[in-house]
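**Q** Model the structure of this input:
(one chain, ligands or ions: 2)
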Amino acid sequence: MIIEPRTRGFICLTSHPKGCEQNVKNQIEYVKTKGEISGPKKVLIIGASTGFGLASRITSAFGSKAATVGVFFDKPGTKGRPGSPGWYNSAAFEKFAHEEDIYAKSINGDAFSNEIKEKTIALIKEDLGQVDLVVYSLASPVRTHPDTGERFKSVLKPIGGSFKNKTVDFHTGVVSDIEIQPGDDKDIENTVAVMGGDDWELWIDAMKKAEVLAPNATTIAYSYIGPELTEPVYRKGTIGKAKDHLEATAFTISDKLKDIGGKAYVSVNKALVTQASSAIPVIPLYISLLYKVMKEEGIHEGCIEQMYRLFNERLYTGDIALDEKGRIRVDDWEMRPDVQEKIAALWKEATTETLQDIGDLKGYETDFFNLFGFKVDGVDYDQDVNEVVEISGIV
Ligand code: NAI
Ligand code: NA
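**A** Ligands and ions are numbered 1, 2, ... in the order given. Below you'll find the predicted structure:
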């Protein structure tokens, strides 16, 4: 079929297999051009199909020839109905990995469930024995607790009072004022249950018990801080409470892994366009200014640049350079004082009229469509493509 983008609000309902494949190919090429990393050898990636998880998987496989098991929750394409981008990304990743005889298998299902944990552990036992790295990169709006069956919904709200600021609709370029009502204790509890560290800890507990963690194994999860501008809706909002919990969980897990010499880390990553971040008010305006400034400074990065740098210059160098709270920082360039000062000044000037010039709305929009395999250079969108694509190593 011919597949075109169909957007509704901040989501795109369709995705393009060839565009997704090209995105994956570009990321692989990037890693190969940058060169080998003396990195991990056997890796489990939870949340492996898009964003930072996919980039971690590509960096592992093509940076240090690691065998990878990827867990994700995606929709395969069916006749006349395109699947989700993560499905097509994973199909492309496995195809390219298998072409180079790099082990890659995938499990599609709810990572929050006991069933998927058991299935993943069984696969590791059978095929790899143990893994030396576990990447935890889930981003989800909901979680069903595996034991109680309780369903939690995460929300993006300020805490303690409403938050007024401006935002942009990147489809139209219209800058407008918004006011977000605060969340209550229930909202905080829900968001922490979904995006905090509880499930990460359950994964590591189960893996340790099953003895599928290698001696000195590392596990890593991803966090975000961001500037004062977005604090009320991000770091000091409901999602920030979940990130506080995730970061605290790293210490809990490290304690539990002491006897096998293992360690848990959180890496604070840069703000990037993803399905999740497009839905957070205020963030798209911030990102469009951030992209503009970082591109001008020649320090802009996407997911793959971030993950390559994380592996090559932090995790596997011996100089992990933790901050005062024990976190790895690859948001260091985003948070540079000169970058943030420029953004703060531009923020005051940002209107529908000025943003076309002072912000990188085009870059935002391109990145957004790229997530779904659209507007990717080198892809012929007039060509018929097969929307039904198999993932060769799906278990
Ligand atoms: P993403 O939406 O691109 O990736 C999420 C992954 O989780 C996908 O592979 C998806 O299939 C999988 N997933 C979601 N629910 C699942 C479930 N129930 N079972 C199995 N798999 C499931 O997200 P992104 O942006 O890569 O985020 C990953 C982490 O990085 C998150 O913790 C996020 O907060 C963090 N982060 C994101 C930043 C951003 O600007 N996007 C910045 C810094 C950190
Ligand atoms: Na991810």
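**Q** which bits of the stretch 101-250 of the chain sit near ligand 1?
**A** 110, 111, 112, 137, 138, 139, 140, 222, 223, 224 (CB under 6 Å from any ligand atom). Yep, even glycine has a C-beta here, placed from its N, CA and C like the rest.
**Q** does any part of the lowest-mean-pLDDT helix or strand in the chain sit near ligand 1?
**A** Using mean pLDDT, DSSP states H and E, the weakest-scoring helix or strand in the chain turns out to be helix 275-278, at a mean of 82. Yes - looking at helix 275-278 against ligand 1 by CB under 6 Å from any ligand atom, the contacts come from 275, 276, 277.
**Q** Tabulate the residues of the stretch 101-250 of the chain next to ligand 1 in a markdown table, adding columns for neighbour count and pLDDT.
**A** Output for those, formatted as a markdown table (neighbours: other CB atoms under 10 Å; pLDDT from 0 to 100):
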| residue | neighbour count | pLDDT |
| --- | --- | --- |
| 110 | 16 | 98 |
| 111 | 21 | 98 |
| 112 | 23 | 98 |
| 137 | 24 | 98 |
| 138 | 21 | 97 |
| 139 | 17 | 95 |
| 140 | 17 | 95 |
| 222 | 26 | 98 |
| 223 | 21 | 98 |
| 224 | 19 | 97 |
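**Q** which among the residues you listed are in contact with ligand 2?
**A** Among these, the ones lying near ligand 2 by CB under 5 Å from the ion are residue 137.
**Q** For residue 223, which residues are in contact?
**A** Residue 223 makes contacts with 243, 246, 247, 266, 267, 268, 269, 327, as judged by CB atoms under 8 Å, 6 or more residues apart in numbering.
**Q** Can you pull out the low-pLDDT segments for the stretch 51-200 of the chain?
**A** Under the criterion pLDDT under 70, no range of the stretch 51-200 of the chain is flagged.
**Q** circling back to that earlier point, out of the residues of the stretch 101-250 of the chain next to ligand 1, which are inside strands?
**A** Among those, the members falling in strands (DSSP state E) are 222, 223.
**Q** any idea which of the residues of the stretch 101-250 of the chain next to ligand 1 is the one closest to residue 178?
**A** residue 224 (20.2 Å; CB to CB).
**Q** returning to that earlier point: give me the contacts around the least confident helix or strand of the chain.
**A** 10, 11, 50, 139, 170, 271, 283, 284, 287, 368, 371.
**Q** And for the one residue in the chain that gets nearest to ligand 1, the neighbour number?
**A** The minimum distance from the chain to ligand 1, using CB to the nearest ligand atom, falls at residue 51 (2.1 Å). By other CB atoms under 10 Å, the residues close to residue 51 number 24.
**Q** ok, it to residue 242 distance?
**A** Going from residue 51 to residue 242 by CB to CB, to the nearest Å gives 17 Å.
**Q** from what I can see residue 289 touches residue 357, true?
**A** No - the pair residue 289 / residue 357 is not scored as a contact, 11.5 Å apart, by CB atoms under 8 Å.
**Q** how much space between the residue of the chain most remote from its centre and residue 173?
**A** In the chain, the residue that sits farthest from the middle, by CA atoms, centre = their mean, is residue 353; the gap is 31.9 Å. As judged by CB to CB, residue 353 and residue 173 stand 9 Å apart.
**Q** ok, now which ones touch the closest residue to residue 54 other than its chain neighbours?
**A** Excluding its sequence neighbours, the residue lying closest to residue 54 (CB to CB, 6 or more residues apart in numbering) is residue 89, at 5.6 Å. Shown in contact with residue 89 (CB under 8 Å, 6+ apart): 20, 23, 24, 49, 50, 54.
**Q** tell me how far stretch 147-166 is from the chain's mean position?
**A** 19 Å (CA atoms, centre = their mean, to the nearest Å).
**Q** going forward, begin numbering at 17 instead of 1
**A** Will do, 17 is the new start, and the previous item becomes stretch 163-182.
**Q** Between the two ends of it, how far is it?
**A** End-to-end distance for stretch 163-182: 41 Å, by CA to CA, to the nearest Å.
**Q** Sounds good, over and out.
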